[in-house]
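J.: here is a sequence together with a model predicted from it:
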Amino acid sequence: MDWDAAPATLRFIEEIALGDSMRLDVAAMAIAAHAYPGLDIDAEIEILDRIASHPLLHADGFDALGLARYLFASGEFVGNSAGYDDPRNSFLNDVLSRRLGIPISLAVVMMEIGRRVGITLVGIGMPGHFLVREARSAERFFDPFNGGKQLDEDDCREHFQAIAGFDAPWHPAFLTPVGPREIILRMLTNIQQGAMRRRMPEAIWSARLRLLIPGLAAQEIRQSADVLGGFGRHIEAARALEELAAVLPEDEAALITIESNGWRAQAN
């Protein structure tokens, strides 16, 4: 069976095609199924259903702050500071079983539990970190990685500067919500970058999945092609670049064609 006809890949393609209507839990679990072939995606998603069924989460007046406290301040889920680079932090099935994750995977947990209990949350892709915000409030943010702490814009700016440096310029646009497509792309980018550092095969399938995301920027396509070529998938790399060249202006396409020809030459 071709990799792109595998059940997990087909599930990913179906979900990503829904755009802003995609279910983050399904798309994220389809990613995890590439690390764990045969993973029962629907059975794993039922774990989120069970967590969301707790009576406390359906009490009158229960809100985003209560959810953040329930999931993170209580220690139910914890940011994995000690093992931040552990690839399992990016696979939703592992996050649910180990109760450990990185900012974006814990944010997905909070957003998906929130969806199930009627609390609409959005992801905030702040550079160097990932937060959650109430959809109805532009001023109340939550940090799942750090105990679900509630933040305002000043807190977010201070956190950013602690990561990027106190002289790093701050832009309010850093707190603009990102859609599910951007969240999934960022999750795959994290997996790809970590796998590249470790020279692990996850780099191959994460690059392939990135290339399946509609509307991928040219630079993203080139990066994934470089990953595939670097792992010996020269023809795949060339084809990705050739498809890109076909939709670019002639001068840009010429440069991309040189790159694709280079990968094809290495395949001979």
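T.: Ah, there it is.
J.: starting at the chain centroid, how far to stretch 111-122?
T.: 17 Å (Cα atoms, centre = their mean, to the nearest Å).
J.: ends of it, how far apart?
T.: Stretch 111-122 has an end-to-end distance of 7 Å (Cα to Cα, to the nearest Å).
J.: give the buried residues for it.
T.: 111-117, 119, 121-122 (16 or more other Cβ atoms under 10 Å). In this view, the C-beta of every residue, glycine as well, is placed from N, C-alpha and C.
J.: for stretch 168-185, same thing?
T.: Those would be 174-175, 180-181, 183-185, for stretch 168-185 by 16+ other Cβ under 10 Å.
J.: still on that earlier bit, in strands, which of the buried residues of stretch 111-122 appear?
T.: 121-122 (DSSP state E).
J.: mind putting the buried residues of stretch 111-122 in TSV, pLDDT and distance to Glu46 included?
T.: As requested, the buried residues of stretch 111-122 are arranged in TSV below (pLDDT from 0 to 100; distance: Cβ to Cβ, whole Å):
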residue	pLDDT	distance to Glu46
Met111	99	17
Glu112	98	12
Ile113	98	13
Gly114	98	17
Arg115	98	15
Arg116	98	11
Val117	98	16
Ile119	97	20
Leu121	98	21
Val122	98	24
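J.: now, which of the buried residues of stretch 111-122 lie within helices?
T.: 111-116 (DSSP state H).
J.: any idea how far Leu121 is from Glu252?
T.: 38 Å (Cβ to Cβ, to the nearest Å).
J.: sorry, slip of the keys, the one I care about is Glu259.
T.: Counting by Cβ to Cβ - Glu259 and Glu252 are separated by 11 Å.
J.: more neighbours, the two?
T.: More neighbours surround Glu259 than the other of Glu259 and Glu252, with 20 against 13 (other Cβ atoms under 10 Å).
J.: understood, closing this out.
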